[in-house]
Every structure is written in C-alpha cells, then in structure tokens.
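Peer 1: just coords:
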C-alpha cells in the first residue's frame, strides 16, 4: 500500500484521523513531529497516550533521550528505510505530523537541504564559533560565502554558523550545494492535508489545546525536566513552543499571562505551518470544521481509496 503523509497545522486533529485509519486497516504510525522523539517531553508535545502507543506500532516517539538529537537528514533517511520494510506487505504506513522541514525532506528529497555535518565530530569547531560575537561570524561568512550571507539576516546566528560549519567541513560554500532547479515531488506518497480556512475556529482549537496542556500539568512537567536535564537547556526540545515559555517563567518565577504567551506562540507557529503548506500539492485536502469529528469516518474511507 502506498504510504500516506497526513499533515496540517497544529490542533486540527491529525493524530485523531491517523488513529481512525489505523483502527480500520493494519497500519503503523510514523511521527512527523520534532518534539515527540524525546522521552519525558509528554504533555507539551501532546504525545499520544500509552494506550494508543501500545495498541498501534509507532515510530519516532520516545526513542531519544536528551542530550541526543536528530537531524532532518537522519529523520528522512530513517523514514525511507522504515517504509521499505513495508513495501511488500498489507500494512499501511501513516506518516503524520506538522514539522514542515521533515515534510519537505520526504516529499522533495534532501538535495536542497545542504550537506550533512556531524555535530558531534565537529563539536570543538562548533563551540569555537558559538563563542564568537555574531558580528564577527557574519563578517567571516560574507568573505567565504557572500551568496548565502545575502540570503540571511545579519543577526541570524543559526544559519550563519551553519554556513561557516559547512565551509569548514567541505571547503565549499553552502550556497554551492543548493540547487537552482525546481524540486520535483516524490510520487511514492499519498499526500493528505488538513486545511482550516476558518482562522477563528483554528484559534479556538489552539486555545482549547493550550488550556488542556496547563490543566494536565505542563508547568510541573517542565519543572521536572529542568531538574532531570539541567545542562541541556539549549536543546531543541526545550526551545520548542510551550516548553520554552514555561522554562522562562520558572526561571524568573513570573507566571502572569503564561498561558496567553503559549497560546500566542502556538498561533504564530500555526501561521508559519500554513505558509509552508503552500509549497505542497496534496492528493486530497480535508477541511477542518465543526463537523470534522462527526465526519471522520467518511474522511478515512476517502483516504483509503487513495492507497488502493
């Protein structure tokens, strides 16, 4: 069966629909979420319950512990390897989530992602770059890769360091790895998007989700994580939405409007996801509206028609 990639902005029922599909046909669920990788980051990532994790085979959930990380390159390569194991079976792989860099890597391939750099191998180089003022780093980047430097903001620390690291490792500017050709979509997947044209409804869903996170104990979870991983506060998981706001609040002992801040950050994130989604042409689009849950069985049937 041809794998399904089910994607959309946060809080629109992607996991709900994936589980409905898995209930109807033999399936495995492959997470496409950058935070679900990590053990103990449960509430803030809206991780599926242990009941569903045991009931259906899941990949890329709870398979890493800090300070471990995973790159887009590694993720895409691993997903492609997993999918091969199900090619000649009756089991349907369902890739589901909203991390758009993962989606881009799966759909368009890794050609435009730039070369892979093993951060562990070049840790000394990375630490040296991180210790320098951004103004000096950007000036160095301008000298070795003026094309890449013009594409990014002078204060963009992450992309500046990326450009310098690539040059150090490959002796070639990062811009030379980026193809000018229009990427071609991978035809091996059935792309299904969940759209939410009603922005008021989307904001309502995000508000409900945010309230649920705090009611379920997000602050206590982050407090426990800070004690468990005191030396890993720069890890991407701690920088993700919900976690970073609560970390700052705990450090400052200032909790006024914390829930509102998480809600606002999540709305901004959803807006960026929707912008990213314009780069993809789905085989099927499903509208998230007030009837979504009631009509989910109809959506499941129509999605399964795609993979026959």
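Peer 2: Happy to help now that I have it. Please read these numbers as outputs of a predicted model, since none were measured by experiment.
Peer 1: next up, the contacts around the residue sitting nearest the centre point of the chain.
Peer 2: By CA atoms, centre = their mean, the chain has its centre lying nearest to residue 99, at 2.5 Å. Listed by CB atoms under 8 Å, 6 or more residues apart in numbering, the contact set of residue 99 reads 32-34. All C-beta atoms are positioned from the backbone trio N, CA, C, and that covers glycine.
Peer 1: do the same with residue 62
Peer 2: Residues in contact with residue 62 (CB under 8 Å, 6+ apart) are 36-39, 47, 53.
Peer 1: assumed it was part of a strand.
Peer 2: No: read with DSSP: H, G, I helix; E, B strand; the rest coil, residue 62 is coil and lies in no strand.
Peer 1: make TSV from the contacts of residue 99 and add pLDDT to it.
Peer 2: Formatted as TSV, the contacts of residue 99 follow (pLDDT from 0 to 100):
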residue	pLDDT
32	97
33	97
34	95
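Peer 1: which of those lies closest to residue 141?
Peer 2: residue 34 (25.7 Å; CB to CB).
Peer 1: what residues are up against that closest one?
Peer 2: 99, 101-102, 236, 240.
Peer 1: let me know the helix or strand that it is in.
Peer 2: Here residue 34, judged by DSSP states H and E, is contained in no helix and no strand.
Peer 1: what's whichever helix in the chain runs longest packed up against?
Peer 2: In the chain, with assignment by DSSP state H, the single longest helix is helix 258-277. Applying 3 or more CB pairs under 8 Å, 6 or more residues apart in numbering; DSSP states H and E, we find helix 258-277 packed against helix 100-108, helix 199-215, helix 243-252.
Peer 1: redo that, cut-off 6 Å
Peer 2: Contact partners of helix 258-277 among helices and strands, from 3 or more CB pairs under 6 Å, 6 or more residues apart in numbering; DSSP states H and E: helix 199-215, helix 243-252.
Peer 1: so for residue 147, which of those helices sits nearest?
Peer 2: Here helix 243-252 is closest among those (CB to CB), at 31.9 Å.
Peer 1: any chance you could map the strands in this protein?
Peer 2: For the chain, strands defined by DSSP state E occupy the ranges 4-7, 27-31, 58-59, 92-97, 190-195, 284-287.
Peer 1: now do stretch 7-22: distance from first to last residue.
Peer 2: Between the start and the finish of stretch 7-22 there is a gap of 16 Å, counting by CA to CA, to the nearest Å.
Peer 1: and stretch 288-306, by the same measure?
Peer 2: First-to-last residue span, stretch 288-306, CA to CA: 19 Å.
Peer 1: which residues sit against it?
Peer 2: 12-13, 17, 20-21, 24, 190, 192, 194, 196, 283, 286 (CB atoms under 6 Å, 6 or more residues apart in numbering).
Peer 1: go again using 10 Å as the cut-off
Peer 2: For stretch 288-306, contacts defined as CB atoms under 10 Å, 6 or more residues apart in numbering pick out 1-2, 4, 6, 8-9, 11-14, 16-25, 92, 94, 189-192, 194-198, 201-202, 204-205, 283-284, 286-287.
Peer 1: circling back: drop anything exposed from the contacts of residue 62.
Peer 2: 36-38, 47 (16 or more other CB atoms under 10 Å).
Peer 1: of the residues you listed, which is the nearest to residue 78?
Peer 2: Nearest to residue 78, judged by CB to CB, of those is residue 37 at 10.8 Å.
Peer 1: my guess is residue 195 contacts residue 285, does it?
Peer 2: Yes: contact criterion CB atoms under 10 Å: residue 195 and residue 285 qualify, at 5.3 Å.
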